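Asks: okay, predicted coordinates and the sequence, questions at the end:
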Amino acid sequence: MYGQPEFDLFEAIYTTRSMRRLKPDPVAPALIVKIIEAATMGPSGSNRQPWIFIVVTQPATRSLVAERYRKAWEAYFRPQMRARLLREPDSPQSKIIRSAKYLAEHIGDVPVMIFACVKRYNDPTRKGQPMWGAIFPAVQNLCLAARAYGLGTSITGLHMMFASEIDEKLGVPQEYANVALIPLGYPKGRWGRPERKPALSVTFWDRWGVRRDAF
């Protein structure tokens with residue numbers, strides 16, 4: 001039903017920004033699975049594939065997560081952020097804060113919440129630590145695939161402030177870490193290339209601090 005979209009790879013990479021203002025319109029389950037399939041194409045050490053994705057669409061569960069998420073946002077939304085909104089309402093940082101605030105206030109209306117869970121290491125030196133190197137390439141693949149199908153995403157970890165309660169509701173076992181929440185839906189805004197530092201300004205050659213100006 002959902003084949004591969006005709007979409008330029010670099011167009012997807014350059015325009016997959018955080019879309020926190022999402023419509024409540026439902027997303028077809030088959031399309032969600034297609035997007036998660038793209039996530040599973042991400043690399044993982046020894047091809048462990050240590051991820052599980054929990055798709056939440058039931059209103060009662062979304063409501064519980066939304067309530068906890070709003071509480072987490074209130075704890076995170078520090079006075080400095082409030083002051084910046086008043087002092088520099090049109091700055092790029094203020095726009096991001098307003099966008100994140102909107103998500104916190106409306107996350108219960110998002111039609112799909114995807115929780116990215118990953119196994120914890122059980123060897124003596126890393127016991128209990130999440131396999132970070134595997135989950136975030138998968139999550140980025142998920143976001144790129146969503147963009148190709150016209151769906152907006154963002155990546156947040158604020159739900160982890162209430163990890164025990166949310167994990168219990170979702171049935172996440174202790175050997176897995178629920179490390180990312182990806183709200184998914186059709187965006188209200190328009191796609192666009194986000195503001196980024198030039199690549200050369202964040203690149204060193206052979207040694208820290210050695211830059212090249214141009215090629």
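Replies: That came through fine.
Asks: quick check: Thr61 vs Arg207, distance?
Replies: Thr61 sits 50 Å away from Arg207, taking Cβ to Cβ, to the nearest Å as the criterion. Using the backbone N, CA and C atoms, a C-beta is placed for each residue, glycine as well.
Asks: those two: which is more packed in?
Replies: Taking other Cβ atoms under 10 Å, Thr61 and Arg207 do not tie; Thr61 has more neighbours (15 against 6).
Asks: ok, the more buried one - contacts?
Replies: By Cβ atoms under 8 Å, 6 or more residues apart in numbering, Thr61 lies in contact with 169-170.
Asks: let me know the helix or strand that it is in.
Replies: Thr61 belongs to helix 59-76 when assigned by DSSP states H and E.
Asks: just confirm Val179 is within a strand.
Replies: Yes: counting by DSSP: H, G, I helix; E, B strand; the rest coil, Val179 is part of a strand.
Asks: and the closest residue to it other than its chain neighbours, what are its phi and psi?
Replies: Spatial nearest neighbour of Val179, chain neighbours left out: Pro130 (5.5 Å); criterion: Cβ to Cβ, 6 or more residues apart in numbering. Backbone torsions of Pro130, given as degrees, to the nearest 10, read phi -70, psi 150.
Asks: isn't Pro130 right next to Arg120, touching?
Replies: Yes: look at Pro130 against Arg120 with Cβ atoms under 8 Å: they come within range, at 5.7 Å.
Asks: for Phe53, give the beta-bridge partners.
Replies: Ala116 (DSSP bridges).
Asks: ok, which stretches of the protein are strands?
Replies: All strands of the chain, identified by DSSP state E, fall at 51-56, 112-119, 152-153, 176-185.
Asks: same list, those strands, but as CSV with mean neighbour count please.
Replies: Shown next, in CSV, are the strands of the chain (neighbours: other Cβ atoms under 10 Å):
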stretch, mean neighbour count
strand 51-56, 18
strand 112-119, 22
strand 152-153, 25
strand 176-185, 22
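Asks: please save the CA atoms from the helix holding Thr61 in CSV.
Replies: In CSV, the C-alpha atoms belonging to helix 59-76 read as follows (Å, rounded to 0.1, in the frame of the first residue of the first chain):
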residue,chain,number,x,y,z
PRO,A,59,-6.4,8.1,23.9
ALA,A,60,-6.2,7.0,27.6
THR,A,61,-2.5,6.2,27.3
ARG,A,62,-1.7,9.3,25.4
SER,A,63,-3.6,11.4,28.0
LEU,A,64,-1.5,9.9,30.8
VAL,A,65,1.8,10.5,29.0
ALA,A,66,0.6,14.1,28.1
GLU,A,67,-0.1,14.9,31.7
ARG,A,68,3.3,13.7,32.9
TYR,A,69,5.0,15.4,29.9
ARG,A,70,3.4,18.7,30.8
LYS,A,71,4.7,18.4,34.4
ALA,A,72,8.2,17.6,33.1
TRP,A,73,8.0,20.7,30.9
GLU,A,74,7.0,22.9,33.8
ALA,A,75,10.0,21.6,35.7
TYR,A,76,12.3,22.2,32.7
